[in-house]
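Chemist: I'd like to go over a predicted model; first the sequence, then the structure.
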Amino acid sequence: NAGVTQTPKFQVLKTGQSMTLQCAQDMNHNSMYWYRQDPGMGLRLIYYSASEGTTDKGEVPNGYNVSRLNKREFSLRLESAAPSQTSVYFCASSEYGSEPYNEQFFGPGTRLTVL
Amino acid sequence: AQSVTQPDIHITVSEGASLELRCNYSYGATPYLFWYVQSPGQGLQLLLKYFSGDTLVQGIKGFEAEFKRSQSSFNLRKPSVHWSDAAEYFCAVLPNTNAGKSTFGDGTTLTVKP
């Protein structure tokens, strides 16, 4: 049981390049999330998926797209990377349903630098 | 919209001393409340959560938190801090009417002096 896995762990991009961050969970959770973490700013929600087949914008969606490929996988795409997207990206999952207060389980993060 | 405030950016305590990390939230009703811990280079791990009932909740690693409705607070406490508690701590709120959208505070970094 690996929990939430993210790839890659580290990435350096040049401005304008594109890339996809991958996330997978093996806990059969309905909901999945993408956050970015910047110093002194906590975690900010980029996109989330309440269930397979649905996605919704979070607090800071501009410059990102997501795909909920299946129940296990939720990817985050940067179409044209900008230096402002330099951050640590976390994927999380939870079993949202009759008990919406279920905790979120986090992956180890992807450290992205855009030059 | 809900918001979470962690007033202390950085706290330093001596090993063995007691700890209290503050969290205040703004929301029209009582949300679900969480404390997470993040060790350097790691993802977040849940310490404890509150959703109803007893306002004093126990978590892992000897932590507890008390929900005070009148103060809109959910402060985290530990009676005796260990060096391994050095980490960043996040308070989070989840509205009880929302589809999973949590709001996180900016975090409090805990340093433990030997």
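Modeler: Done, it's in.
Chemist: While we're on the spatially most central residue of chain A, how confident is the model there?
Modeler: For chain A, the residue nearest the mean C-alpha position is A:W34 (2.5 Å; C-alpha atoms, centre = their mean). Note on A:W34: pLDDT of 96.
Chemist: Quick check: what element follows the helix or strand hosting it along the chain?
Modeler: Assigned by DSSP states H and E, A:W34 falls within strand A:31-37. For strand A:31-37, the succeeding helix or strand toward the C-terminus, using DSSP H and E, is strand A:43-49.
Chemist: What parts of chain A come near chain B?
Modeler: Within chain A, the residues that sit near chain B (C-beta under 8 Å from any C-beta of the partner chain) are A:4, A:31, A:33, A:35, A:40-45, A:48, A:50, A:56, A:58, A:90, A:92, A:94, A:96, A:100-101, A:103-104, A:106-109. For glycine as for every other residue, the C-beta is placed from the backbone atoms N, C-alpha and C.
Chemist: ok, then the element right after the helix-or-strand element of chain B with minimal mean pLDDT?
Modeler: When each helix and strand of chain B is scored by mean pLDDT, DSSP states H and E, strand B:103-104 comes last, with a mean of 89. Next helix or strand after strand B:103-104 toward the C-terminus (DSSP H and E): strand B:108-113.
Chemist: Give me the sheet partners of that next one and which way each runs.
Modeler: According to DSSP bridges, strand B:108-113 forms sheet pairs with strand B:10-14 (parallel), strand B:87-94 (antiparallel).
Chemist: Buried residues of that strand, list them for me.
Modeler: B:108, B:110, B:112 (16 or more other C-beta atoms under 10 Å in any protein chain shown).
Chemist: any residues touching that strand, and which ones?
Modeler: B:6, B:8-15, B:19, B:21-22, B:81-83, B:85-90 (C-beta atoms under 8 Å, 6 or more residues apart in numbering or on different chains).
Chemist: Now do the strands in chain A.
Modeler: In chain A, the segments counted as strands under DSSP state E are A:4-7, A:10-13, A:19-25, A:31-37, A:43-49, A:56-57, A:64-68, A:74-78, A:87-94, A:105-106, A:110-114.
Chemist: returning to what we had before: for chain A, state which of the buried residues of strand B:108-113 is nearest.
Modeler: B:T108 (10.2 Å; C-beta to the nearest C-beta).
Chemist: Quick check, pLDDT for the closest one.
Modeler: With respect to pLDDT, B:T108 scores 96.
Chemist: Geometric centre of chain B: which residue is closest?
Modeler: B:W35 (3.5 Å).
Chemist: any idea how far chain A is from it?
Modeler: Separation of B:W35 from chain A (C-beta to the nearest C-beta, to the nearest Å): 10 Å.
Chemist: Excluding chain neighbours, what is closest to that residue?
Modeler: B:L47 (4.4 Å; C-beta to C-beta, 6 or more residues apart in numbering or on different chains).
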